[in-house]
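Asker: A predicted structure for the sequence below; I have some questions about it.
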Amino acid sequence: MTQPPSSRLGAENVTVGYDKRVISRELSVDIPDGSFTVIVGPNACGKSTLLRTLSRLITPTAGQVVLDGRAMATYRAKEVARTLGLLPQTALAPDGITVADLVARGRHPHQSFVRQWSVADERAVRDAMAATGVEELSGRLVDELSGGQRQRVWVAMVLAQQTPLLLLDEPTTFLDIAHQIELMELFTDLNEAGSTLVAVLHDLNQAARYGTHIIAMKDGAIVAQGAPADIVTAELVEDVFGLPCIVVPDPVTGTPSVVPIGRQRARRP
């Protein structure tokens with residue numbers, strides 16, 4: 001009897017890059033099912049490249065990405081889109097499109113000649129807009145919005161897609177701290193409801209607080225992965241980021257919290 005795959009999404013010995021520049025060579029990773037996996041590392045270490053490879057935006061020159069036990073390259077685009085949703089790092093909306101129409105595009109993978117727009121589609125769009133707090137923007141043009149508003153609209157579009165796998169490339173970009181936390185809490189709710197999430201984050205403390213599985217990258221390679229309590233140590237932070245620090249328990253959650261040492265400055269009386 002065929003054994004089920006150990007994880008729904010993973011990469012096997014992939015070599016990826018841009019033009020002739022290799023970013024990662026013979027990289028393998030499995031995304032734990034039901035996890036909120038966060039990829040961390042310094043700038044230009046290959047975090048977004050790995051995410052784009054897992055989403056099929058980048059085709060590896062060697063190796064393969066595997067989805068549900070099959071090479072992702074063998075799937076049709078709509079098949080992938082019904083299983084895997086992607087929030088890219090930079091996204092461009094068509095000129096003159098409204099918020100409601102853009103979010104509705106998340107339902108495109110579920111449409112066909114025999115299945116047109118339905119009540120379920122309408123509900124998915126409405127729920128996604130409510131979850132991201134953009135209902136009041138529904139009639140506005142996307143290109144009139146602030147950066148933070150646009151980011152929440154793009155998240156709403158991905159949520160409307162209603163896929164069991166969500167890939168998020170720097171999802172908190174442009175958001176103020178309150179909206180960052182709201183969004184991270186929303187992702188945690190989705191994860192607890194059964195979705196598998198993979199996100200690239202720059203904020204290591206948010207990664208440790210909200211992630212259930214962390215992948216730390218440096219120079220195109222995975223240097224450590226596992227639970228935040230096992231991965232986020234002062235030694236790893238200094239090795240990966242070159243940042244001397246101490247790691248203390250978060251006073252609210254008990255998860256690891258990174259406190260940079262920096263230069264010691266005398267306190268004014």
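Answerer: Great, that's in hand.
Asker: So which residues of the stretch 101-250 of the chain form helices?
Answerer: Ranges of helices within the stretch 101-250 of the chain are 119-132, 147-160, 177-192, 204-210, 228-231, 234-241, based on DSSP state H, counting those that start in this stretch.
Asker: can you list contacts of the fifth one?
Answerer: Read that as helix 228-231. Residues from elsewhere that reach helix 228-231 (CB atoms under 8 Å, 6 or more residues apart in numbering): 207-209, 211-212, 214, 216, 224-225, 255-256. C-beta coordinates here come from the backbone N, C-alpha and C atoms, glycine included.
Asker: Sitting in strands, which of those residues do you find?
Answerer: Counting by DSSP state E, those place 214, 216, 224-225, 256 in strands.
Asker: what's the farthest-apart pair in the residues you listed?
Answerer: Spanning the widest gap among these are Q225 and P256, at 14.7 Å by CB to CB.
Asker: Output the contacts of helix 228-231 in CSV, with distance to V40 and pLDDT appended to each entry.
Answerer: Below are the contacts of helix 228-231 laid out as CSV (distance: CB to CB, whole Å; pLDDT from 0 to 100):
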residue, distance to V40, pLDDT
A207, 5, 97
A208, 9, 97
R209, 12, 97
G211, 9, 97
T212, 14, 97
I214, 6, 97
A216, 5, 97
A224, 10, 96
Q225, 10, 96
T255, 14, 97
P256, 12, 97
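Asker: so where's the stretch 51-200 of the chain shaky on pLDDT?
Answerer: Across the stretch 51-200 of the chain, residues meeting the criterion (pLDDT under 70) sit at 112-115.
Asker: about what we covered before: reformat the ones in strands among the contacts of helix 228-231 as a markdown table; add distance to F174.
Answerer: Formatted as a markdown table, these follow (distance: CB to CB, whole Å):
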| residue | distance to F174 |
| --- | --- |
| I214 | 24 |
| A216 | 25 |
| A224 | 29 |
| Q225 | 28 |
| P256 | 26 |
